[in-house]
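> Quick check, what structure comes out for this input:
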Amino acid sequence: MLTAIASFTFASLLLVLLPGPDSLVVMRGLARDGRSGGIRTSLGVLAGLTVWIIAAVLGLSAILQMSEIGYEILKIVGGCYLVILGAQTLWSMWRMRSASPTGGTVAMSAPGGRRAGFFTGFLTDILNPKIGIMFITLLPGFVPAGYSAAWTTLGFGLIYLALTFVYFAALVLAAEKIGKWMQTPRIRRGIDLVAGFALVGFGIRLATE
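Residues are numbered from 1 along each chain as shown. Presented below is the predicted three-dimensional model:
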C-alpha cells in the first residue's frame, strides 16, 4: 500500500504542477485582487475538485464517461466558459491600457468582483469533464488488490486535493512577496494578456478536442 501511495503522490504532483486552467485563474485572481483574490479563486478550485472526487467515489464520473452526449455538452459548456473568461480578461487588459497611467499601481477590484473569484475558480474546475474522467482513469490504477476501491479512491483524492492546496498556497505566498510589483500597470497588463489568450486557447481546445 505504501508503494501505491508513493507512486500516486508522485504522479499527482506532476499533474498539479502541469500548467492548466486552474493555475491560470488563480494567477488571474492574484493579479486582479491581490492575496484575497488568489485565496478566493483557490478555494473555488478546491471546492470543484472536491465535487469531482466525491463523484469519482460514487461512480458518477464513470456514468459521465459512458454518456457521450452528457460529456460533450459539459465539455462545450466548459470550453465556452473558459473562452468568455479569457475574453473578459483581455477586455479588462485593454481597458486598463487605455485608462491607466504608465506608473503607479492598479486599483483593486470592487468587492463584488472579489466574491466572484470563488465562483470563477469553482466553475473553471467543475465545468471541465476531463478532471472527472482523470480521476476515474488515474485513481483505480493505483488501488492495490484486496483494498476497497471506494475508500482507497477517496484517500487518493484527498492526497491530490492536499497537493493542490499546497501548490496554490505557495502561489499565494509567492505573490504576496511581489504583490506591489504585480499591481503595476505594465506587469498587470502582461499577466492579463498571457492569461486571457491561454484561457481562450484552453477553452477552444476543451470544446473541440
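
> list the contacts for the spatially most central residue of the chain?
For the chain, residue 22 is the residue whose C-alpha lies nearest the centre (Cα atoms, centre = their mean; 1.6 Å). Going by Cβ atoms under 8 Å, 6 or more residues apart in numbering, residue 22 touches 45, 121, 124-125, 164. For every residue, glycine as well, the C-beta is placed using N, CA and C.

> And those, which two are furthest apart?
124 and 164 (13.0 Å; Cβ to Cβ).

> okay, these two: which has more neighbours?
Taking neighbours as other Cβ atoms under 10 Å, residue 124 and residue 164 compare with residue 124 leading, 28 against 20.

> host element of residue 37?
Secondary structure assignment for residue 37, by DSSP states H and E: helix 21-58.

> what's the spacing between that helix and its chain's center?
Here helix 21-58 is found 5 Å from its chain centre; the criterion is Cα atoms, centre = their mean, to the nearest Å.

> buried ones in it?
Buried positions in helix 21-58, judged by neighbour count with 16 or more other Cβ atoms under 10 Å: 21-34, 36-46, 48-50, 52-53, 55-57.

> and if you look at stretch 160-168?
Across stretch 160-168, burial judged by 16+ other Cβ under 10 Å covers 160-161, 163-165, 167-168.

> could I get those as JSON lines with distance to residue 85?
Output for these, formatted as JSON lines (distance: Cβ to Cβ, whole Å):
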{"residue": "160", "distance to residue 85": "24"}
{"residue": "161", "distance to residue 85": "23"}
{"residue": "163", "distance to residue 85": "24"}
{"residue": "164", "distance to residue 85": "19"}
{"residue": "165", "distance to residue 85": "22"}
{"residue": "167", "distance to residue 85": "20"}
{"residue": "168", "distance to residue 85": "18"}
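
> among those, which are in helices?
160-161, 163-165, 167-168 (DSSP state H).

> May I ask which two of those are separated the most?
Within those, 160 and 168 form the most distant pair, 12.7 Å apart (Cβ to Cβ).

> Now do the strands in this structure.
With DSSP state E, there are no strands along the chain.

> Below-threshold pLDDT in it: ranges please.
61-62, 64-66, 95-115, 139-140, 176-185, 187-188, 191 (pLDDT under 70).

> Show me the helices in it, by range?
With DSSP H as the criterion, the chain has helices spanning 2-17, 21-58, 60-66, 68-99, 111-126, 129-138, 149-177, 179-182, 185-208.

> Quickly compare these and say which is most buried.
Across these, averaging neighbours per residue (mean count of other Cβ atoms under 10 Å) puts helix 21-58 on top, at a mean of 23.

> and the angle from that one to helix 149-177?
On the basis of axes from the mean of the first three to the mean of the last three Cα atoms, to 10 degrees, helix 21-58 is oriented at 160 degrees to helix 149-177.

> excluding its backbone neighbours, what's nearest residue 25?
residue 124 (4.9 Å; Cβ to Cβ, 6 or more residues apart in numbering).

> From what I see, that neighbour and residue 48 are in contact.
Yes - judged on Cβ atoms under 8 Å, residue 124 makes contact with residue 48 at a distance of 7.2 Å.
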